[in-house]
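# with the sequence up front, the predicted model follows.
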Amino acid sequence: MNGEHEQFISDEDKELRCIREKKLRELMRLREKKQKMSTKPVHVTDSNINEIINKHSLALIDCWASWCGPCAVIAPIIEELAKEYAGKVLVGKLNVDENSKTAERFQVFSIPTLLIMKNGKEVDRIVGLVPKSYVETRLERYLR
């Protein structure tokens with residue numbers, strides 16, 4: 001009886017070790033994936049917009065222009081969001097002066113405009129200068 005008990009514990013230890021190793025491999029893969037995803041906003045253009053919004057399940061696209069004061073104010077917030085949401089949300093920047101086809105396609109009439117894209121479709125937009133917490137609250141709705 002004592003030998004059977006030791007065999008049971010030994011088999012259980014092996015199983016636990018296998019489970020632990022499997023979980024560790026999964027965590028390492030997730031960590032690598034997150035590190036590969038950009039921690040800086042991606043440059044979005046007329047030519048790559050479709051690929052970007054279709055490739056990533058959730059994207060935040062900042063529509064801006066170099067002459068726009070509020071765009072300059074929100075730019076550091078966009079940078080922070082790219083870092084903080086790396087691996088969860090692709091953050092991109094689209095210069096509307098250089099990419100008028102996309103601005104027209106999404107009817108961007110005021111800037112800054114933040115487009116929230118989920119599975120290739122616009123699900124939300126934020127127009128104007130808003131606090132970071134406001135953008136985060138809107139993004140969190142789509143992360144669930």
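Ah, there it is.
# now Pro70. Nearest residue, chain neighbours left out?
Spatially, and ignoring its direct neighbours in sequence, Pro70 is nearest to Leu129 (4.1 Å; Cβ to Cβ, 6 or more residues apart in numbering). In this view, the C-beta of every residue, glycine as well, is placed from N, C-alpha and C.
# phi, psi of the spatially most central residue of the chain?
Central residue of the chain (Cα atoms, centre = their mean): Val89, 0.9 Å from the mean position. In terms of degrees, to the nearest 10, the main-chain angles of Val89 are phi -130, psi 130.
# and the gap between Asn95 and Ala75?
Using Cβ to Cβ, to the nearest Å, we find Asn95 at a distance of 12 Å from Ala75.
# out of those two, which sits in the more crowded spot?
Using other Cβ atoms under 10 Å, the more surrounded residue of Asn95 and Ala75 is Asn95, with 19 against 16.
# I'd say that one and Ala65 touch.
Yes: contact criterion Cβ atoms under 8 Å: Asn95 and Ala65 qualify, at 6.3 Å.
# how many residues are close by Ile74?
Residues contacting Ile74 under the criterion other Cβ under 10 Å number 24.
# can you check Lys22 too?
A count of nearby residues for Lys22, using other Cβ under 10 Å, gives 10.
# pretty sure it belongs to a helix, no?
Yes: the assignment for Lys22 (DSSP: H, G, I helix; E, B strand; the rest coil) places it in a helix.
# report pLDDT for it.
At Lys22, the model reports a pLDDT of 87.
# and Lys118, its phi and psi?
phi -130, psi 130.
# what do you get for Glu84?
phi -70, psi -30.
# which residues of the protein score low on pLDDT?
1-9, 30-38 (pLDDT under 70).
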